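Next comes the sequence, and after it the predicted model I'd like to discuss.
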Amino acid sequence: MKKILVIEDNPMVIKSLQFKLTKDGYDVIIAPDGREAMKLLKDATYDLILTDLNLPFVTGNELIAYVKENLQAIPIIVLSTSTQESIIMDAFNMGVEDFITKPFSPNELSLRVKRLLS
Amino acid sequence: MSITLDDIANIASWLFLVYGILICLGYLFSAIFSIFEIRDYKRSNNYKDEIALLQASELPPVSILAPAYNEGLNIVENVRSLLTINYPSFEIVIINDGSKDDTMQRLIEEYDLEKQDYLFHYFIKTKTIRGVYKSKNTAFKNLLVIDKENGGKADALNTGINVCSHDIICCIDVDCILEYDAMLKLIKPFLNDRKKVIASGGVIRVANSCVIEDGRIIEVRLPEKFVARVQVIEYFRAFLMGRMAWSRIDGLLLISGAFGMFDKQIAIEAGGYNHNTVGEDMELLVRMRRMMREKNIPYKVGFVPDPLCWTEVPQSWEILKRQRNRWTRGTAETLLLHKKMIFNPKYGVLGVLSTPFWLFFEWMAPLIEFSGTIFFIFLLWFGLISWKFFLTFLLVVYAFAVLFSITALFFEEYSFQQYKKPKYIFTLIGTAFLEPIVYHPFVMWAAVRGNWDLIIGKKSWGEMTRTGLSKSTKK
Amino acid sequence: MAVIHSIDSNWLLGYIPDDLPFVIKTNILMTIIFFGFAFFFVSFIILLRLYKIFRNRKKEEQRLLLENILNSYLFDEDFDKEKELQRFKDEYLNKALEIKIAIKEILLFHSNIKGESAIQLRELFLRWELDKFCKKQLENSAWYSKSRALFSLSEMLIKVDLDIIKPLLNHKKDEVRQQAQLYFIKLAENEPLAFLDHMDKPLTLWEEIFIEDALKNEYHGPMPDYSNWLHSSQHSVVDFAIRMIAKFNQFENISELLPLLEHSSEEVRRETIRSLCALEHFEIIDTLISQFGEETTLVKKTILDAIEHLGSYNDLMMLKDKIQDDEWDLKIKYYGIAQRFLPEKKQSIYIQYEKEKALLL
């Protein structure tokens, strides 16, 4: 079963993502902030990372930079409230595989996850 | 007709009675007005993610002014937490007021500062500016550091006003911890009123013993030391019952120097902070209000009934004494400077209610208390009153003091309830019972000394030894 | 606050001892009253704390139930919608508190999710008759319930009788007024700002921020022509219209803005200059330069900003002599803009400023 690491601090979004992605057949691990995420990434491997950018303690950008440098194989999908073009461009320039803006469509997200994990 | 001791005592007793009744009425009115203000504020709803909306919108840019004197120990951390303030557009202006320690060096090193040829003008007269510094690193592009000759807090703030770029200034104590959305809340009165708003302030909380991380309060804890704990109750009385009530009738005379926002233009027109008084924060607001009134321009002072800022309060009796001494001198100086306003209906609520209140109940109270106590001891000594009477009289006074504190605790419980653990509430209730016996005589004496020092001409601030905001780690 | 001295009026020195017990009695009476109230408040505090703990627990329980059922409803294909939703309604949506939490939770989901799932949430809102609850609140309750109900209905795009909403636009509580404004924008198919003509108080900047956000993100009809409000009797509406013309790039309205450069209110003139600047209307530079001398300080500053944005260093220089000797804030602005036009000459411009300062002071 594929493992997805979800890094998000909005409790409602966490629950929904967990529910939906588990239903879709994945193993979902949650990190509520960047610091926790870094710890988890050091201890285990994941097949996909789904992360917000606005995180406490360690920012989303720092996290993406770390993953792209040390764990290149893991695809990243960014899920963020930011619709600013510059932020989206920055994320893609850093190498993320996909960028979804909030509010998001769960069905669409599900398909994008499937695409990256197939 | 000669006046006997009888007559003196008679008159004195009537005066004390009237004073006592007025204080009771004051307590009642402040309780009633405050409860309405709190109730209204509590009822207002939080809708969608307002914070994200506001962060993305075009709020007026703000210059945050933070004077620093001998803050070397914590200055780097404090500035870092200021840089992460949640607000769309702002600059941080640190004014190094001729520190004798390594405050300036630490800033230069940590933030990669270099001296600039900065265009500015002395709109308000201040001590000489030695240099204006900006960072070479674009990550700190909204940081400005001013190095100047020592001149005191008022002078430092005026320097900041002279040099800063924006039209709204936010005067802050450099080691204050702000709530995440503090600035977004504090700007609201400026935008939401149909009259011109000249200043706004919020509720200040006691940070001692709280768990702080990355410049944010992670866990609210009750201060461990008794001295600090009593001040928690004092702050409740002052903010939840005092300022709420005053702001409801637009009679606010004081916006805390720890965190307040002002219209820069009005502040400059009023003459900036007065460096001849130690109560510069109160004095400026009174002067600004007076100026607007004398110019007949309709205006308002905003108050946000929300805890916005956490500050360190004195934990040692010695430093507390100096602080209260200074507050007393500041209050007296301000009232003296603006004595024309007292009981003057031309100044509306300020003249008829606010300034007389500050005169009789904030400033005079410790003096009346002190003289009353001496008077009664005198009478007791000469057998002119009985022990029983003296005791019952002390009891009434004590009971009222306790009632006032408990009411303030109730207001806190009703409104913000920031001390979550039940044991905190019980500790606070216990502290309320102890305060009139252990703490109050001390601050009363400090206030009396303050008046004495004012008469003999003492001018200094006294040093506030920074212990560094207690970085209690989570257990 | 001071500790009081409350002394009974009958106290007098040297009077017959009969009076003393009365004084003592009064003091004891007052003490009892004060302590009585103090203990009353202490018990009130404890009760309030207990009440809050209890209520919060109930709220959390309800919220968890809702979270589970909403996630199942949206994402579980095996979920028996008919049966489960009805069962939940019968069991858990009877008390007002329960219904309020349900509304809050659905709105929370709705704010984070879009697409088909969002439509399903709206269907659920109606199926559970939460709209009926909101409509009742709108008619009968206190202001804070009215505004919350209004918000809920507008988020779910549920239409309400106009006769009920219209008076709320001019309600005495700001919050209700704001939600009424946002209701009109969210539900309008066209003319979202028709309500501007029916307001009895000026529009505040705060309200404007939310109106703009709603127009950008929640209104999907054709953008109104903001020039319609340039001659409103309310200055705040005029200012608003000027700003929106720029925000929504209504270049066709530039010709409507130009006459406002001579409006009597300095705020209107300032906003006009700012908007024309944002619309990159270079042609106004010469007009602004010639107007500069007679303008107020506020507008002068705006003109300087406009020159920086649209003009050149030569344009800037034409204003040099029009700045008075004592207008130091304008001077600083002027020299700052000069430095940004000619960054290589930054140092010499600074020296120029210092020289001028030395001369005049």
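Perfect, I can see it now.

Okay, helices next: where are they in the stretch 101-250 of chain C?
In the stretch 101-250 of chain C, helices defined by DSSP state H, counting those that start in this stretch lie at C:116-127, C:130-140, C:143-155, C:162-165, C:174-187, C:205-217, C:235-247, listed in chain order.

scratch that, chain A is what I was asking about
Taking DSSP state H as the test, the helices found in chain A are A:11-23, A:34-43, A:60-70, A:85-94, A:106-117.

okay, the ones you listed, which one's buried deepest?
Between these, helix A:11-23 has the highest mean count of neighbours, a mean of 19, where neighbours are mean count of other CB atoms under 10 Å in any protein chain shown. C-beta: built from backbone N, CA, C; applies to glycine.

Which among the helices of the stretch 101-250 of chain C is found nearest to B:N137?
Nearest to B:N137, of all the helices of the stretch 101-250 of chain C, is helix C:205-217, at 31.9 Å by CB to CB.

And chain B, is the closest one touching that?
Yes. Interface with chain B: helix C:205-217 contributes C:L205, C:W206, C:E207, C:I209, C:F210, C:E212, C:D213 (CB under 8 Å from any CB of the partner chain).

Serialize the residues you listed to CSV and add fields for pLDDT.
Supplementary listing: these in CSV, determined by pLDDT from 0 to 100:
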residue, pLDDT
C:L205, 93
C:W206, 93
C:E207, 94
C:I209, 93
C:F210, 93
C:E212, 93
C:D213, 91
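
ok, the residues you listed vs chain A, which is closest?
Sorting the residues of helix C:205-217 next to chain B by how near they are to chain A, with CB to the nearest CB, puts C:D213 at the top with 12.1 Å.

tell me which parts of chain B are close to chain A?
Counting by CB under 8 Å from any CB, the residues of chain B close to chain A are B:D49, B:A52, B:D214.

Pull the number of nearby residues for the last one.
Which is B:D214. Using other CB atoms under 10 Å in any protein chain shown, B:D214 has 11 neighbouring residues.

One more: the second one?
Other residues near B:A52 come to 14 when the count uses other CB under 10 Å.

quick one: it and C:N217, what's the gap?
As judged by CB to CB, to the nearest Å, B:A52 and C:N217 stand 11 Å apart.

residue contacts, residue 67?
Using chain A here. Residues touching A:V67, when contacts are defined by CB atoms under 8 Å, 6 or more residues apart in numbering or on different chains, comprise A:L41, A:I49, A:I74, A:I76.

um, chain C though
Here C:E67 is in contact with A:M12, A:K15, C:E105 (CB under 8 Å, 6+ apart).

try it again with 10 Å
Residues in contact with C:E67 (CB atoms under 10 Å, 6 or more residues apart in numbering or on different chains) are A:P11, A:M12, A:K15, A:S16, A:F19, C:E105, C:L108, C:F109.

tell me, what residue is most central in the chain?
Since you didn't name a chain, this refers to chain A. A:L50 (1.3 Å; CA atoms, centre = their mean).

do you know how far that one is from A:D27?
Noted for A:L50: a distance of 13 Å to A:D27, by CB to CB.

Repeat that for B:Q105.
For B:Q105, the distance to A:D27 (CB to CB) stands at 52 Å.

For residue 46, grab the count of nearby residues.
In the absence of a named chain, this looks at chain A. When neighbours are defined as other CB under 10 Å, A:Y46 has 20 of them.

oops, I was thinking of chain B
Residues lying near B:N46 (other CB under 10 Å) number 7.

which bits of the stretch 151-300 of chain B sit near chain C?
For the stretch 151-300 of chain B, the residues found near chain C under the criterion CB under 10 Å from any CB of the partner chain are B:162-163, B:165, B:167, B:187-194, B:234, B:237-238, B:241-242, B:265, B:268.

Quick check, the residue in chain A closest to chain C?
Distance from chain C to each residue of chain A (CB to the nearest CB) is smallest for A:S105, at 3.1 Å.

Where does chain A get nearest to chain B, residue-wise?
The nearest approach of chain A to chain B comes at A:T81, 5.8 Å away (CB to the nearest CB).

how many neighbours does the closest residue to that residue other than its chain neighbours have?
Spatial nearest neighbour of A:T81, excluding adjacent residues (CB to CB, 6 or more residues apart in numbering or on different chains): A:K102 at 4.6 Å. Summarising burial for A:K102: neighbours were counted as other CB under 10 Å, giving 18.

and A:K102, what is it in contact with?
If you count contacts by CB under 10 Å, 6+ apart, then A:K102 has A:10, A:13, A:52, A:79-83, B:49, B:52, C:111-114 around it.

Show me those that map onto strands.
A:L79, A:S80 (DSSP state E).

So which of the contacts of A:V67 belong to strands?
Among the contacts of A:V67, the members falling in strands (DSSP E) are A:I49, A:I76.

ok, which of the contacts of A:V67 also contact chain C?
Filtering the contacts of A:V67 for proximity to chain C by CB under 10 Å from any CB leaves nothing.
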